[in-house]
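> Using only what follows, build the 3D model:
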Amino acid sequence: MTSIVQSKRVAPGRIRDAVVAVLSQSPQLEVTLSEIEAGVTTALGGPVSPSSIRSCLNLNEPGLVKRIDRGVYALTSRYDTKAQPVFEHKGARLFQDDAFGWLSRCDENSIHAVVTDPPYGIVEYSAREQLKMRNGKGGVWRVPPKFDGVQRAPLPRFTTLSPAELIELQDFFGDLGAALLRVLVPGANVLVAANPLVSHLVATSMAKSGLERRGEVVRLVQTMRGGDRPKGAHTEFSDVSVMPRSQWEPWLMFRKPLSGTVAENLRVWGTGGFRRISEDRPFGDVIRSAPTRSVERACAPHPSLKPQAFLRQVVRASLPLGTGIVLDPFAGSGSTLAAACAVTYRSIGIERDPEYIEVAKTAIPSLSTLNVKMDDTASPDGHIGRSR
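Reported below is the predicted structural model:
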């Protein structure tokens, strides 16, 4: 006697979510109906009526799913890109665009994680301030003196932001949180580089947008920020530092609210947690990190360049099952995309500055192939594994 497998009765909304998840996570743009049915069955934990899946595909919301051929489908957002990338390397795609403009055109539920080091209130990355920084004097950027014969990278003067600029900063991150909330899949992680002086403003603004605050990753790094004696009175107050020497950098963590439990969200969207370092080591929120190496700065001359040793760890952890798309809406010289390439993730970067776009075109391949030791469990290719 032939056994009959009973299909599950599932709400149409959950089937739609599972279909979108399968199409967005597939390495191929075009996915066959049988592959979609198999993926939905896995995501929802049991057989689902094929007719329900076909109805979802053929009666989808306008523009969500595109029928490529008989029995072959793709997400419209992946197949019909409104702007072509200016550069592609392995799984990385770089777009020259305004971040908010690009996000407004991006389809809902299409991004699985965000790792970014954004501008703060737009001030330091305006054309006026960038010109001053590149000329080496004036403006928001402080060019520190040489230390041990090495020229140090420029630093933004967060202490110079006016009350009006601080309000602008809060509005900026509130708008960013809202824009990301729409395009992220449920359970997607968002990691944002910050500064101790303004991190509370960033955290509050992004949480108000609807993202869940999930703590922060502490990057332990000895920098040259702070520790200076009073300006113009170094000798008189030789035992005084105006501010402590900075020895850490906060990376704020947020998450789009889950759809159901963590386990249900992982099955459907592949998101909802952090990827473990190994079977017996979870991802931790304190990461020791040296300053960015000179070899990396040579590949990617950008004033806010973060080291691959750190970025590869947080990028890898951002996708708990190792599948999906990592977005950096303020890509700069492409270091986040390079880290994603190194850990074999797909990624998208948005950058509007044409000079940084040109830097990123060579920096992404160069940085992604550097041998990087992330910690005592890291292999030379940048992947984290168990110590041997």
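> rest of the way, CA atoms for contacts and neighbours
Will do.
> Show the low-confidence segments of the stretch 51-200 of the chain, by residue range.
By pLDDT under 70, the weakly predicted segments of the stretch 51-200 of the chain are 59-63, 77-82, 120-160.
> Tell me where it has strands.
Per DSSP state E, counting those that start in this stretch, the stretch 51-200 of the chain has strands spanning 65-69, 72-75, 87-89, 92-96, 111-116, 141-142, 155-156, 184-193. These are given in chain order.
> And for the stretch 201-350 of the chain?
Along the stretch 201-350 of the chain, the segments classed as strands by DSSP E, counting those that start in this stretch run 212-220, 248-255, 286-288, 325-328, 346-351.
> can you redo those as JSON lines with mean neighbour count and mean pLDDT?
What follows is the strands of the stretch 201-350 of the chain, written out as JSON lines (neighbours: other C-alpha atoms under 10 Å; pLDDT from 0 to 100):
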{"stretch": "strand 212-220", "mean neighbour count": "18", "mean pLDDT": "97"}
{"stretch": "strand 248-255", "mean neighbour count": "22", "mean pLDDT": "97"}
{"stretch": "strand 286-288", "mean neighbour count": "15", "mean pLDDT": "97"}
{"stretch": "strand 325-328", "mean neighbour count": "26", "mean pLDDT": "98"}
{"stretch": "strand 346-351", "mean neighbour count": "24", "mean pLDDT": "96"}
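> Ok, which of the strands of the stretch 51-200 of the chain comes nearest Glu37?
Judged by C-alpha to C-alpha, the one of those that comes nearest to Glu37 is strand 72-75, at 11.8 Å.
> circling back: and the strands of the stretch 51-200 of the chain: which comes nearest Asp175?
Nearest of the strands of the stretch 51-200 of the chain (C-alpha to C-alpha): strand 184-193, 14.2 Å.
> circling back to that earlier point, show me the one of the strands of the stretch 201-350 of the chain that comes nearest Ile364.
Nearest to Ile364, of all the strands of the stretch 201-350 of the chain, is strand 346-351, at 10.8 Å by C-alpha to C-alpha.
> Residues touching that closest one, excluding its own?
Residues outside strand 346-351 that contact it (C-alpha atoms under 8 Å, 6 or more residues apart in numbering): 91-99, 102, 324-332, 334, 337, 340-341, 357.
> partner strands of that strand, parallel or antiparallel?
When pairing is defined by DSSP bridges, strand 346-351 lines up against strand 92-96 (parallel), strand 325-328 (parallel).
> chain center to the last one, what's the gap?
A distance of 5 Å separates the C-alpha centroid of strand 325-328 from that of its chain, computed with C-alpha atoms, centre = their mean, to the nearest Å.
> got the contact list for Val114?
Val114 touches 188-192, 318, 326-329, counting by C-alpha under 8 Å, 6+ apart.
> if you set the cut-off to 6 Å instead, what comes out?
Taking C-alpha atoms under 6 Å, 6 or more residues apart in numbering, we find Val114 in contact with 190, 326-328.
> Same check on Ala178?
Ala178 is in contact with Ser209, counting by C-alpha under 6 Å, 6+ apart.
> mind checking how far it is from Leu211?
Counting by C-alpha to C-alpha, to the nearest Å, the gap from Ala178 to Leu211 is 8 Å.
> try Ile325
18 Å.
> Kindly report the same for Phe87.
Counting by C-alpha to C-alpha, the separation of Phe87 from Leu211 is 30 Å.
> Point to the residue nearest the middle of the protein.
In the chain, the centroid-proximal residue (C-alpha atoms, centre = their mean) is Val115; its distance is 1.9 Å.
> Okay, and the beta partners of that one?
Counting by DSSP bridges, Val115 is bridged to Leu191.
> pretty sure it is touching Leu191, no?
Yes - contact criterion C-alpha atoms under 6 Å: Val115 and Leu191 qualify, at 4.8 Å.
> Pop out the phi and psi values for the nearest residue to Gln247 once chain neighbours are set aside.
Closest residue to Gln247 apart from its sequence neighbours, by C-alpha to C-alpha, 6 or more residues apart in numbering: Gln222 at 4.5 Å. Per-residue torsions, Gln222: phi -80, psi 110 (degrees, to the nearest 10).
> ok, how many other residues are close to Gln222?
Neighbour count of Gln222, defined by other C-alpha atoms under 10 Å: 15.
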